[in-house]
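Participant: I'll drop the sequence and a predicted model, then ask my questions.
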Amino acid sequence: MHVEPAGPGARYLVFGGTPTPELSRRIGAVAEAVRAALPHGAFDVVPGYLDILVEGRAALPPERLLALAETAGAGAAPHPPRAFEVPVAYGAEADSAPLTERLGLAWPDIVALHTGGKYTVAYIGFTPGFPYLHGLDPRLQTPRRDRPRPDVPAGAVAMAGAQAGIYPEAGPGGWWVLGTTTFPLFMPDRPEPTVLRAGDEVRFVPQAHGGSDGAKAAGSRGASVDRPPAEHQAERWAEPLVTVLEVWPGSASLQGRPRVGVGHHGLAETGALDQRLLLALHLAVGAPLDMASIELPVPHAALRAEAPTVAAFGGAAAASLRGGELTPGVPFEWRAGEVLTVRPAPTGARQRAGVPILSVAGGLAPLGGAAGHPLLATGGSTDVRGRVGGFGRWLRPGDVLVRGATGGAAPVPPARRAAGAALGHHPRELALHLYPGSHAGAAGFAHLLSSAFVVSERSRMGVRLEPRGGRAAPGAPVTGTETSRGMPLGAVQLPPDGRPLVLLADRGRTGGYPVVGVVARADLAGLAQARAGTVVTFRAPGDPGGRTAHPE
């Protein structure tokens with residue numbers, strides 16, 4: 001066992017060797033022991049096939065981490081294996097045509113080989129409840145996609161390289177889909193939400209499309225989380241504070257500080273993408289740091305106050321109340337019955353941030369309590385894929401919010417406005433400090449340092465960059481690893497197409513595309529706020545030319 005760097009806040013405990021069920025059981029036991037030995041809520045401990053990612057605000061010194069692993073893991077024993085049957089509707093939303101071409105096999109032969117295998121759970125990662133499985137027949141092994149498929153369905157039974165697995169939720173993914181299942185993988189209301197664990201044995205069983213097992217398991221991974229009517233919940237909370245009248249579908253959510261310590265379930269780190277903006281607004285209105293605000297990636301909302309309060313906003317938005325425009329960063333009095341509207345900032349406005357935040361005195365929480373088990377939902381931030389925290393989904397009209405902490409109806413503080421990045425004002429060109437990643441020895445690290453990129457796509461999961469000029473530079477990496485491992489915050493994955501993806505708060509907790517670098521945590525807010533077309537370059541740590549250009 002040895003330690004490898006994984007960026008400024010993380011380390012890999014590397015076991016080495018070849019992935020086997022026996023090694024996965026040992027890694028799982030050591031990871032559990034290390035997790036128990038570390039301060040609660042301070043580190044994520046995420047197993048992979050050959051290693052364990054240990055990540056926090058600051059990385060543990062290598063010698064301390066190695067000693068901890070050796071001491072804690074000395075008496076760690078794997079859990080006894082359990083056996084499960086997983087029904088699969090083969091061919092449902094599958095990549096049947098490209099797979100038959102790539103493998104040179106007829107579809108019935110592919111299905112027969114897949115169902116004939118005996119699979120063992122290596123670990124849970126990527127997204128909530130996603131099981132990585134040993135046991136894929138060598139005749140089915142084929143490299144993952146050059147670029148992730150954007151629409152992998154929920155319950156997709158898939159494979160990539162020597163790996164097999166099941167996607168609990170719909171979303172992007174680089175594996176090849178064989179069919180779908182309704183087998184429950186993640187139950188957010190349980191303190192141990194994952195159904196499978198390392199060492200469990202799995203057998204896939206063919207099932208006709210639309211089989212009877214669908215209704216039995218559908219509730220375990222439903223697309224949304226609904227709450228009982230407010231009249232059945234009012235006794236659990238103080239009076240309603242804010243009602244959502246209008247919001248852009250699938251974008252706004254309650255977000256606060258990152259949620260640390262749940263990565264081994266596949267749950268996201270979550271939290272506001274611009275933590276400096278969140279902190280500035282919480283200090284301005286008097287909201288506790290462990291409470292949530294409303295994050296609005298698409299600044300389009302109408303919100304009504306149900307009780308008097310104090311609020312403030314910041315970022316690329318224009319907010320109006322009582323017929324007048326509000327000043328970003330300056331607390332304002334929000335009276336009961338008044339409707340606050342949020343719209344995109346005018347063209348050419350100074351605030352160029354892409355993800356506005358609205359904070360309220362005392363912080364915000366859902367009427368009826370946060371979704372998911374209390375041990376998983378700490379801090380108020382929403383994990384939409386895991387259905388944990390906040391409402392367990394995106395905000396929508398009719399949602400009622402209450403004050404997260406008492407004492408939030410204090411008089412309006414003296415007007416004060418933070419400047420620069422504290423209000424989401426980031427430069428039009430970004431220079432990101434890049435630490436070596438696990439594949440920095442390849443040409444990829446030098447490729448990033450010597451190239452310029454532009455932002456093309458952005459979400460809470462990550463930011464996709466395109467080479468400036470539209471073409472990958474000669475010599476950019478064209479091959480990737482198939483052995484998945486933990487993904488630290490800010491990891492820069494470089495798929496074979498040469499277009500980097502920088503991973504953010506809602507990233508998959510494990511992945512297999514090469515990580516050639518890790519962006520400094522302090523630089524991620526500017527990237528998360530960047531609009532399409534923003535120019536991005538990378539600088540090595542300590543490079544005096546590595547700060548920003550065109551500051552505002």
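Facilitator: Sure thing, it's come through. Numbering: from 1, shown residues only.

Participant: any idea how far G462 is from the closest residue to P150 other than its chain neighbours?
Facilitator: Nearest in space to P150, with sequence neighbours left out and distances taken as CB to CB, 6 or more residues apart in numbering, is P172 at 5.0 Å. Any C-beta I mention is one placed from the backbone N, CA and C, and that applies to glycine too. From P172 across to G462, the span is 10 Å (CB to CB, to the nearest Å).

Participant: which of those two has more neighbours?
Facilitator: Between P172 and G462, counted using other CB atoms under 10 Å, G462 has the larger neighbour count: 25 against 16.

Participant: so how far is L501 from that one?
Facilitator: Taken as CB to CB, the span from G462 to L501 is 5 Å.

Participant: Which elements pack onto the host helix or strand of A160?
Facilitator: Element membership for A160 (DSSP states H and E) is strand 156-160. Counting contacts by 3 or more CB pairs under 8 Å, 6 or more residues apart in numbering; DSSP states H and E, strand 156-160 is packed against strand 163-167, strand 176-180.

Participant: my guess is A69 contacts V34, does it?
Facilitator: Yes. A69 lies in contact with V34 (CB atoms under 8 Å); the separation is 5.6 Å.

Participant: Are there residues contacting both of the two? Which ones?
Facilitator: Shared contacts of A69 and V34 (CB atoms under 8 Å, 6 or more residues apart in numbering): L13, I52.

Participant: show me where pLDDT drops low in the stretch 251-400 of the chain?
Facilitator: Across the stretch 251-400 of the chain, the ranges flagged by pLDDT under 70 are 347-354.

Participant: and the residue nearest to P150, which of the three is it?
Facilitator: On the three-state scheme (DSSP: H, G, I helix; E, B strand; the rest coil), P172 is labelled strand.

Participant: Identify the residues contacting it.
Facilitator: Counted by CB under 8 Å, 6+ apart, P172 has contacts P148, R149, P150, D151, V152, M461.

Participant: Generate the PyMOL command that creates a selection of the buried members of these.
Facilitator: To isolate the buried subset of the contacts of P172 in PyMOL, counting by 16 or more other CB atoms under 10 Å, use the following:
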select buried, resi 148+149+152+461
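
Participant: which regions of this structure lie under the pLDDT threshold?
Facilitator: 210-238, 347-354, 406-422, 424, 440-442, 471-482, 544-552.

Participant: mind listing the strands for the stretch 401-550 of the chain?
Facilitator: Secondary structure of the stretch 401-550 of the chain (DSSP state E, counting those that start in this stretch): strands located at 429-436, 452-458, 462-467, 485-486, 491-493, 501-503, 510-511, 515-519, 535-539.

Participant: so which of these gets nearest G16?
Facilitator: Of all those, strand 485-486 sits nearest to G16, with 12.4 Å by CB to CB.

Participant: Give the other helices and strands that the closest one contacts.
Facilitator: Short answer (3+ CB pairs under 8 Å, 6+ apart): strand 485-486 packs on strand 10-14, strand 43-47, strand 51-56, strand 510-511.

Participant: Next one: the closest residue to R335 other than its chain neighbours from G380, what distance?
Facilitator: Closest residue to R335 apart from its sequence neighbours, by CB to CB, 6+ apart: P308 at 5.4 Å. Counting by CB to CB, the gap from P308 to G380 is 22 Å.

Participant: Next, count neighbours for Q163.
Facilitator: 22.

Participant: before we move on, what about the one 5 residues further on?
Facilitator: For P168, the count of nearby residues is 28 (other CB under 10 Å).

Participant: Between P308 and G380, which has more neighbouring residues?
Facilitator: G380 (25 against 14).

Participant: I'd assumed V388 was in contact with the more buried one.
Facilitator: No. Using CB under 8 Å, G380 is not in contact with V388, being 10.8 Å away.

Participant: who touches both of the two?
Facilitator: Here G380 and V388 have A370 as joint contacts, going by CB under 8 Å, 6+ apart.

Participant: Next up, the contacts around F313.
Facilitator: Neighbours of F313 in contact, by CB under 8 Å, 6+ apart: L281, A319, L326, P328, G329, V342, P356, I357, L358, S359.

Participant: do the same with A491
Facilitator: So A491 contacts G7, G437, V502, L503, R507, G511, V515, G517, V518, V519 (CB under 8 Å, 6+ apart).

Participant: Okay, and the beta partners of the last one?
Facilitator: Going back to what we said before, that points to V519. Residues in a beta bridge with V519, per DSSP bridges, are L434.

Participant: gap between the two ends of stretch 483-498?
Facilitator: 19 Å (CA to CA, to the nearest Å).

Participant: which parts of that stretch are buried?
Facilitator: Within stretch 483-498, the residues that qualify as buried are 484-496, 498, counting by 16+ other CB under 10 Å.

Participant: and of these, the nearest to R26?
Facilitator: So of those, ranked by how close each gets to R26 (CB to CB), first place is R485, at 15.8 Å.
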